[in-house]
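S.K.: below are the sequence and a predicted model; questions follow.
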Amino acid sequence: MKHEEYFWVIGGGMLQIPLIAEVRKAGYQVIVSDRDETCVCRELADVFLQNDIFDITGHVARANAFRAQGGKISGVLAAGIDAPETMAAVAEALGLPSVERFIAHLVNNKDQFRSVLRRLGYPSPKFEVIAKEQLSNLEPVVARVGLPLIVKNTDSSGSRGTRIFHAKDLPGIHSAALAAMAVSRSKRALIEEYWDGPEQTVETLFDCEGRFHPCFITDRVFDKRQGYAIETGLRHPSALAEPVQKEMFALAEKVARDLGVTIGAAKYDMILTSAGPRIIEMTVRLSGGFDCQYLVPAATGKNVLRAAIQTALGRPFDASLLTDVKHRVGLSESLWPAPGRIESISGIEKAKTVPGFEAVFFRYRVGDVVDPYTDCTKRVCFIITTGRDELEARQAMDTIKGLIRIQTV
């Protein structure tokens, strides 16, 4: 049954396509807001609002205007897009179920989140936040943080502006800090102690009655050889031992509750150090990177999107949505053509016939320019395969990557 009610999806990119499909299945009409009037989800929306996802004031104004004109909005969600604060503000204005706005703001600012974690007694790296005027005197900052260190943006995603330094290199750190400031809405950079170890996505959800649900853990594979944090692949489910995974979920729940989270997503980037699991970052939205949207459903059949939609509507969801019913292993990887202008892409249709193929998504088209690989947003495509075990999924992935050709000049 189609409701005369609307569900607001913030963002109109590829990762919102399956979210909109789930909203449709629930019977709601769809509002999509995005800065890009040519975004892929514009044609999927009943109502399209051209608003930058970070324009909180504009979103709230549009929400109030829509309501004043008699429109009924029953839920709002940011999933796979870095706009949880906008989501929380719209929900607050309309009286809808959502995480509190101050929590969304806190976790969306890495330095503030680290300070609160430290105050609550959780392990936190040594860090300093610097503005442009401090770049001329980096030596004491580096001395206080120590080596190795990592330079980051303060409030963006995708490893933008991230650089790792194992040796003292003040000119390099200066350059990296400028790059981090350029992609930070705060126009500041974070310089912090570098933690080493395998990394994971830990996705959890609090339902509308405040019950905690562990959704999944995905292993993340990085190439850090050039000093950049380039995510080259995902493996789901995690290969970590069950006790370690339980420890990560327990940490995720405790931190979220200590921060005051009672509803909605609590998603973490964690790292398994020699001293145990540590939190790198946290957000109150669902993961991006085609993880909960495509990889996890392909490997397990879990429907985290539907569970999150029901929660945003203020309704309980069936636990079966978070149950592994497929018991397969999924991989997500990319192709890495030489930087330059894409002249041709071939082999996709043949790749789709390979047993174990699940999906391929291209972020670039013929004529687009592939930039040097300095962060995770530079990936040209995402390829997803599954198998009865990792070997089978790996064989499918390697075959597909051998079939698809990307020629750059």
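M.R.: Happy to help now that I have it.

S.K.: can you list the domains in this structure?
M.R.: Using automatic domain parsing, the domains assigned to the chain come out as 6-96, 126-193, 199-327, 330-408.

S.K.: reformat these as CSV; add mean neighbour count.
M.R.: In this view, the C-beta of every residue, glycine as well, is placed from N, C-alpha and C. Formatted as CSV, these follow (neighbours: other CB atoms under 10 Å):
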stretch, mean neighbour count
domain 6-96, 20
domain 126-193, 18
domain 199-327, 19
domain 330-408, 17
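
S.K.: name the next helix or strand following the helix or strand containing residue 282 along the chain.
M.R.: Element membership for residue 282 (DSSP states H and E) is strand 276-283. Next helix or strand after strand 276-283 toward the C-terminus (DSSP H and E): helix 296-300.

S.K.: counting by contacts, list what that next one packs against.
M.R.: strand 212-223, strand 230-236, strand 329-333, strand 381-387 (3 or more CB pairs under 8 Å, 6 or more residues apart in numbering; DSSP states H and E).

S.K.: sorry, back to before: and the domains of the chain as CSV, adding distance to residue 106 and mean pLDDT?
M.R.: Listed next are these as CSV, based on distance: least, CB to CB, whole Å; pLDDT from 0 to 100:
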stretch, distance to residue 106, mean pLDDT
domain 6-96, 9, 97
domain 126-193, 11, 93
domain 199-327, 7, 97
domain 330-408, 23, 96
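
S.K.: kindly reformat those domains as a markdown table containing distance to residue 102.
M.R.: Output for these, formatted as a markdown table (distance: least, CB to CB, whole Å):
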| stretch | distance to residue 102 |
| --- | --- |
| domain 6-96 | 8 |
| domain 126-193 | 15 |
| domain 199-327 | 8 |
| domain 330-408 | 28 |
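
S.K.: these: which one's closest to residue 114?
M.R.: Nearest to residue 114, of all these, is domain 126-193, at 5.7 Å by CB to CB.

S.K.: ends of that closest one, what's the gap?
M.R.: Criterion CA to CA, to the nearest Å; first-to-last residue distance in domain 126-193 is 5 Å.

S.K.: gap between the two ends of stretch 282-297?
M.R.: 22 Å.

S.K.: phi, psi of residue 116?
M.R.: The phi/psi pair for residue 116 (degrees, to the nearest 10) reads phi -70, psi -40.

S.K.: and the closest residue to it other than its chain neighbours, what helix or strand is that in?
M.R.: Of all residues not flanking residue 116 in the chain, residue 106 sits nearest, at 6.3 Å (CB to CB, 6 or more residues apart in numbering). Here residue 106 sits within helix 101-107, counting by DSSP H and E.

S.K.: mind listing what's buried in that helix?
M.R.: 101, 103-107 (16 or more other CB atoms under 10 Å).
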